[in-house]
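In: Fold the following, please.
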Amino acid sequence: MFGLPDELTPSFLARLEKLRIRTRQQYAGMGRGMHLSPKRGSSLEFSDFRQYSPGDDFRYIDWGLYGRTDKLYIKLFQEEEDLLTYVFLDASASMGFPAGDRKFESAILTALSVAYVALASGDRVMLRVLGGTGAPVNPSFVYGQHRIVELARRVHGLKPGGQFDFATALAHELVAIRRAGKVFVISDFLMLLNSITRGLGLFNAASMDLTAVQILGGREINGQGLDGDVEIVDSESGERLRVSIGERERNQYRETMLRLTREIKSFCFKRGLHYSLYTTDADFQQFFLRAASDLGLAH
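Out: Model prediction:
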C-alpha cells in the first residue's frame, strides 16, 4: 500500500494509531503536541504558582488563593508539545545474514512501525541509518502521519553492508542531535557486549529515553544449519574459520546467543531503558502489538 511493506496493512496501521510513545521524563519539542513539556504554557495541566507581576494575564489569577493570602498569584501550566523521536537503524553487513531470516527487512518494519506510532500521535520523527549501502538516507525530521510513505521511500533501496564500531558510530551520530527526546536503536547487536553497553550508555548519559530493539533470525538464534565440518565467515570482516560442529557445539552456540540477549536486557533494565527482542520466525504484527509496553509504547 503506497509503497509500504506488505506487513503494514491498513488494519495494522489503524491499531498502531491507538498507541503512543511514553517517556520517563519530559522533553521540549518543536511545536504543539500531546506530551507534557518542561516549558511553562497554557495547557490544562497545572504546574505551580508564582506571584503576580504587572502585565500578567488576569485570567490566570487564582482568586481563591488571593482570598486566603491577600496576595495575587498566577497559576502556571505546563506546555504540551510534540516529542522528538529518533530512530537509529543498524544497516551493517550482519543484518543481512542469514539471508533467509530477513533480519534487515524486519528491522525496517520495526523502524517504520515505531515511526508511524509517533507520526500518528503528532510527533516528529528522524530516521538515522548506521552503515549500509545505497543512496544516503536524509536524516531530517518528518511530521504528519502521511509522511510514513516518505520514510519508506528513503529506505527502499538501502541494503545492509560494511562494518563499524557501534559505540563510536553512535557517538558520532549523537553529536549531530541538538535536542533530546525519545530514541529507538534497532540492531541485531551481534558485537562485543562492551561496545553495546558503551553505545547505549551514551543516550543514558545524555538524558534521552531509549528503547533497544534486538532483531535476530529464527534460524540464526537456534544455530540451524550448523552441523558437521563447516566454514564460518564473519559477514562484516570477511574472516573465515573452519570448524567441526556437533550437538554439544550447537548447544554452546545457542546458549551464547541467549546469554547475549539476557545481558543486553539486564543492562537496559538496570538503567531504566526499554528492551525488546524480535526473532524473525514470529509473526511481526503480533510481536509488535504484544510487545508495546516493552517498546516503550502505551495505549
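
In: For this structure, give me the ranges with low pLDDT.
Out: The chain contains residues with pLDDT under 70 at 1, 28-50, 52-53, 55-61, 66, 73-80, 228-231, 233-236, 238.

In: Look through it and report the residue furthest from the middle.
Out: Within the chain, Asp70 marks the point farthest from the mean C-alpha position, 50.8 Å out by Cα atoms, centre = their mean.

In: Any idea how many residues pack against Glu173?
Out: Glu173 has 18 neighbours, counted by other Cβ atoms under 10 Å. Bear in mind the C-beta positions are built from the backbone N, C-alpha and C, glycine included.

In: still on that earlier bit, please report how far the residue farthest from the centre of the chain lies from Gly96.
Out: 72 Å (Cβ to Cβ, to the nearest Å).

In: How about Arg154?
Out: For Arg154, the distance to Gly96 - Cβ to Cβ - is 18 Å.

In: next one: Met208
Out: Distance from Met208 to Gly96, by Cβ to Cβ: 28 Å.

In: does Met126 count as helix, strand or coil?
Out: Look at Met126: counting by DSSP: H, G, I helix; E, B strand; the rest coil, its state is strand.

In: What's opposite it in the beta bridge?
Out: According to DSSP bridges, the partner residues bridging Met126 are Tyr86.

In: these two touch, right, it and Phe141?
Out: Yes. Checked against Cβ atoms under 8 Å, the pair Met126 and Phe141 is within contact range at 5.0 Å.

In: Could you pull out the strands in this protein for me?
Out: 20-21, 32-51, 73-81, 84-90, 124-130, 142-143, 182-187, 209-216, 228-233, 240-245, 274-279, 297-298 (DSSP state E).

In: picking up where we left off before, what are the phi and psi values at the residue farthest from the centre of the chain?
Out: phi 60, psi 20 (degrees, to the nearest 10).

In: which one's the longest helix in this protein?
Out: What stands out as the longest helix in the chain, according to DSSP state H, is helix 247-270.

In: and it, what other elements does it pack with?
Out: Judged by 3 or more Cβ pairs under 8 Å, 6 or more residues apart in numbering; DSSP states H and E, helix 247-270 is in contact with helix 193-205, strand 209-216, helix 218-222, strand 274-279.

In: quick one, which of these is nearest to Glu17?
Out: Glu17 sits nearest to strand 209-216 of all the helices and strands packed on helix 247-270, at 19.1 Å, using Cβ to Cβ.

In: Can you list the strands that that closest one pairs with?
Out: Its sheet considered, strand 209-216 pairs with strand 182-187 (parallel), strand 274-279 (parallel) by DSSP bridges.

In: tilt between it and helix 193-205?
Out: 150 degrees (axes from the mean of the first three to the mean of the last three Cα atoms, to 10 degrees).

In: Contacts for strand 209-216, please.
Out: Residues outside strand 209-216 that contact it (Cβ atoms under 8 Å, 6 or more residues apart in numbering) are 23-25, 27, 95, 103, 106-107, 110, 181-189, 200, 203-204, 257, 261, 264, 268, 273-280, 295-296.

In: what's the neighbour count on the closest residue to Tyr275 other than its chain neighbours?
Out: Leaving aside its sequence neighbours, Tyr275 sits nearest to Cys268 (Cβ to Cβ, 6 or more residues apart in numbering; 3.9 Å). Number of residues near Cys268 (other Cβ under 10 Å) recorded here: 22.

In: Kindly report the same for the one 5 residues further on.
Out: Number of residues near Leu273 (other Cβ under 10 Å) recorded here: 23.

In: quick one: contacts for it?
Out: With the criterion set at Cβ under 8 Å, 6+ apart, Leu273 makes contact with 200, 204, 209-212, 267.

In: Which two among those are spaced furthest apart?
Out: The span of the contacts of Leu273, defined through Cβ to Cβ, is set by Asp209 and Phe267 at 15.6 Å.
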